[in-house]
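>>> fold the following.
(one chain, ligands or ions: 1)
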Amino acid sequence: MKYRIFSLFYIAIVFVTQMAAEDGSHLWLRLPANAHAEISAPRQSPTLNIAVEELQQAWKGAPVRLVIQKDKQLQAEGFRIRHEDNKITLTSPTETGLLYAAYHLLRMQETGQNVVEAQTTENPAYNLRILNHWDNMDRTVERGYAGQSLWNWEELPNTLSDRYKEYARANASIGINGTVLNNVNASPKILSAEYLQKVKALADIFRPYGLRVYLSVNFASPMALDSLSTADPLDKEVIRWWKNKVKEIYRIIPDFGGFLVKANSEGQPGPCDFGRTHAEGANMLADALKPYKGIVMWRAFVYSPSDADRAKQAYLEFEPLDGQFRNNVIVQVKNGPIDFQPREPYSPLFGAMQHTPLMAEFQVTQEYLGHSNHLAYLAPMWKEFFEFVAPASLKAVAGVANIGTDANWCGHTFAQANWYAFGRLAWQPSLSSGNIADEWLKQTFGSQPSDINAQLKKMMLDSHEAVVNYMMPLGLHHIFAWGHHYGPEPWCSIPGARPDWLPSYYHRADKQGIGFDRSSKGSNAVAQYPETLAKQYDNIDTCPEEYLLWFHHVPWSHRMKSGRSLWDELCHHYDNGVRQVRDFQKIWDAAEKYIDAERFHEVQSKLKIQARDAVWWKDACLLYFQEFSGMPIPYEIERPIHELKDLQKVHLPISNYECPTKELLNKNR
Ligand code: BDP
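Predicted coordinates for the structure are as follows:
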C-alpha cells in the first residue's frame, strides 16, 4: 500500500514536471533523445561534434556518414543528403553545411518525410541570413514583447547563460548565420574595450553553430568614446579611429561579421551632419573593414522631409547614390516604403538601385501587428514581398528579432513560427508559407490528426490577412496609437508632433473620402515604381484593392469590385477580421485534446485578447471614420459595442520601448 501511494506520488511528480516543461522553451526542437544512432564524421571539431551529437541523440534511421567534400553543385553552406545501400551520406564543402544537413535530416524525420527515398540537394539563396536584435545595453528591447534582452551585459563575459547556446542552436537549425546583437539606435558603449570582451564571449559560443556576430554602431562613436571633435567620415583622425577600432575588434573576434548602421534617421548621427553623403559615410567604414572581409549594412530607413510624402523620401535620398557604394556595403531597405505596416506595397528602392547590393529588412517582432498578443503568421506577408522583388536581385535578408527572456522566447507560442519562417525563407524564399507552417506545426506540437493539422495550418495562413482586415484594410496604414503602436488611434493629434508621425497624415479622411493620393494627380509616389506597375497603381480602377487607400483618396461612395460602396466594403473588411479571429478561437479550442495544457491555455488566452482587440479596432475605426462618411454601418454586420468617446479616452500606459503586459492592457480596457 505504502509502495502504491509512493509510486502514485512519483507518477504525479513526473507528470507535473513534464507538464511544466511544456512552456514552449523547446521551440520547434522537441527532438527525441537517446536514439543511439550510428554516426561517423571525418574528424572531431566543435561544429562537427554538435552535428554528430544531435544525430546520435535524435536520429532513428540508418547509419549516417558525414563527408566534407567540394562539389560543383554545392555552395559553401549547401549540402546533399543521399540514401544508398542502407546508409545515409551527408555531404558539404564545409562543417557548417554538414551541421545544416544534420538539422535538415532531423526535420525530415520529425515532419514525417520519406528519408529512404531522399536525395536532397540544398543551397541557401543568400550567404547572409541575419537577425537584427534591437536590444539595448540596459536589457530593454526596442519593440520587444518577449521580456528582456537575452544578453545579460552586466554578467557577461564571466557568467554565460545556457540560453546563449540554445539560441545559437535554434538559429543553426533553420540556417540563420548572422546576428546583430544590439539596437540600431546604437549606444557607442558597445564599441568600448569592456563591451567588446562581452561580445567576444557571445561570439565564442555562437561560432560552432556557424553564427557570426555583427554590431550596430553609432556613427558618432569616435566623439562619444574618445572625444574626437568630429565624426566627419573624410576627417583623417576619424578614419584612423575607425581603422584602429576595427583592428581591435578583429584581434578579439577574428570572424567578426561587420557593422549595421542607422545614420541620419530619427535623430541618429550620420555623415550628413558633416555635409557628407550616406555613401561617403558607409564607404569610410567599409574601407576599415575590408582587410578583414567585414561588411557594412547601411540602412535606408530615412525620412527627412525633402518631399511632402514620407513614402517617397528614402527613395529620393538613396536612389541618386546608386553605384557610389563600396562592394562590401549592402544597403538594407525595409520591405515597404514607410515602416513595417500590416500591409505595404514593396519599397520602390528595390529595383531602382541596380548598381548597389541591397538587402531586405523584415520585422519579425510584431511592432505593428498586435505585439506578442496577436497570432499573426508572417510568412505570407514576406512571400507577398517576394512576388514583387525577385529573390535573386537581393544580396541578403535581415529580420528584426522577436526574441527575449520569456520562457517561450517570443512571448506567444505562435510567434515562434515567425522566427522559424524567417530562417526558412531566408534560406529559400521559394518555400511556400503552407509548407513552412506545416513543418513548424509538426515539430512544435507533434503529429496531429490530419483534419486538426489542416485547421491549424489554415488558421496560421489566414492570420495575417485577419490582422490586416481588423486593423488596416484596403491600403490604410499607420493609424496606430501614438508611440507604442498597439491599438487604434486614427484620431490621434499631438500638438507640435511631426505631421508624418500622426495618423491623419496617412488616412486623410474627410467628407469626400479617405486615403492618401499618391497618384500622378497627388504626390506621384507611383512614379517611383517601374512603368507597368506605376500605371496600374496610378489608375483607381486598376489599382489592386488591397493597396487602394495607399495610392488614392477614394470617395466614400466609390464602387468596389464587390459592387459595394467603399464605405460598406471597409465595414465588411473590419467585420471579417473580427469573425476570422473568432474562427481561430474555435479552431484552437477544437484542438484542445491534442495540445498540452500549458501551451493550449496560453494560446487560448492570447486569442481572447486578440478577439477583444479586433472588436476594439473595428469599433474605433468604423465609428471614427463614420463621422466623415456619414453613412450607416451596413445592417448585416455586427453592431459596435463601444462608444467612440470612450475609445478615445483609452491611453495604454505603455511607453515606446516597454513591452505591454496582458494585465496592464486588460485593466485599461
Ligand atoms: C520604427 C520603430 C523604431 C525604430 C525604427 C527603425 O518604431 O522604434 O527605431 O523603426 O527601424 O519602426 O530604426
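>>> quick one: contacts for the spatially most central residue of the chain?
With the centre of the chain defined as its mean C-alpha position, the nearest residue by Cα atoms, centre = their mean is residue 364, 1.6 Å away. Listed by Cβ atoms under 8 Å, 6 or more residues apart in numbering, the contact set of residue 364 reads 131, 378, 399, 400, 401, 402, 418, 419, 422. In this view, the C-beta of every residue, glycine as well, is placed from N, C-alpha and C.
>>> what about 10 Å?
Contact criterion Cβ atoms under 10 Å, 6 or more residues apart in numbering gives 131-132, 378, 382, 398-403, 410, 415, 418-423 as the residues in contact with residue 364.
>>> how much space separates it from residue 373?
Computed with Cβ to Cβ, to the nearest Å, the distance linking residue 364 and residue 373 is 16 Å.
>>> residue 614 now?
Here residue 614 is placed at a distance of 11 Å from residue 373 (Cβ to Cβ).
>>> taking the stretch 451-600 of the chain, what residue is nearest to the ligand?
residue 485 (6.7 Å; Cβ to the nearest ligand atom).
>>> that residue and residue 50, how far apart?
Taking Cβ to Cβ as the criterion, residue 485 is separated from residue 50 by 39 Å.
>>> equivalent analysis for residue 172, please.
Relative to residue 50, residue 172 is positioned 8 Å away (Cβ to Cβ).
>>> and what of residue 470?
Between residue 470 and residue 50 the distance, using Cβ to Cβ, works out to 43 Å.
>>> for the residue nearest to residue 42 when sequence neighbours are not counted, what are its contacts?
Computed as Cβ to Cβ, 6 or more residues apart in numbering, the closest residue to residue 42 that is not its neighbour in sequence is residue 68, at 5.5 Å. If a contact means Cβ under 10 Å, 6+ apart, then residue 68 has 41, 42, 43, 48, 90, 91, 92, 93, 94, 95, 97, 98 as its contacts.
>>> list the contacts of the last one.
Which is residue 98. For residue 98, the set of contacting residues under the criterion of Cβ under 10 Å, 6+ apart consists of 41-42, 45, 47-48, 50-52, 66-68, 77, 79, 90-92, 210.
>>> and the helices in the stretch 401-550 of the chain?
Counting by DSSP state H, counting those that start in this stretch, the segments of the stretch 401-550 of the chain that form helices are 416-427, 433-445, 450-471, 503-507, 531-538, 548-551.
>>> any chance of the ones you listed in TSV, plus distance to the ligand, mean neighbour count and mean pLDDT?
As requested, the helices of the stretch 401-550 of the chain are exported to TSV (distance: least, Cβ to the nearest ligand atom, whole Å; neighbours: other Cβ atoms under 10 Å; pLDDT from 0 to 100):
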stretch	distance to the ligand	mean neighbour count	mean pLDDT
helix 416-427	16	25	98
helix 433-445	23	21	98
helix 450-471	15	21	98
helix 503-507	14	20	97
helix 531-538	24	16	98
helix 548-551	17	26	98
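>>> near the ligand, which residues of this protein? Just list them.
If contacts are counted using Cβ under 6 Å from any ligand atom, the residues of the chain sitting beside the ligand are 142, 143, 184, 185, 262, 266, 301, 339, 340, 367.
>>> ok, 8 Å please
Proximity of the chain to the ligand is confined to 134, 142-143, 183-185, 262, 265-266, 299, 301, 334, 339-340, 361, 363, 367-368, 400, 485, 656-657 under the rule Cβ under 8 Å from any ligand atom.
>>> pLDDT of stretch 89-100, averaged?
The average pLDDT for stretch 89-100 rounds to 98.
>>> any idea how far it is from the chain center?
27 Å (Cα atoms, centre = their mean, to the nearest Å).
>>> span of that stretch from start to end?
13 Å (Cα to Cα, to the nearest Å).
>>> put the alpha carbons of stretch 548-564 into CSV.
Taking only C-alpha atoms (Å, rounded to 0.1, in the frame of the first residue of the first chain), the coordinates of stretch 548-564 have been written out as CSV:
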residue,chain,number,x,y,z
LEU,A,548,-6.3,51.3,-52.9
LEU,A,549,-6.2,53.7,-50.0
TRP,A,550,-2.4,53.7,-50.0
PHE,A,551,-2.4,55.2,-53.5
HIS,A,552,-5.7,57.0,-53.8
HIS,A,553,-8.0,59.3,-51.9
VAL,A,554,-11.3,57.5,-52.7
PRO,A,555,-14.8,58.8,-52.5
TRP,A,556,-16.9,57.0,-49.8
SER,A,557,-19.4,56.0,-52.5
HIS,A,558,-16.8,54.6,-54.9
ARG,A,559,-18.0,51.3,-56.3
MET,A,560,-15.7,48.4,-55.4
LYS,A,561,-15.3,45.1,-57.2
SER,A,562,-17.8,43.5,-54.9
GLY,A,563,-20.4,46.0,-56.0
ARG,A,564,-20.4,47.6,-52.6
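>>> no further queries at this time; thank you.
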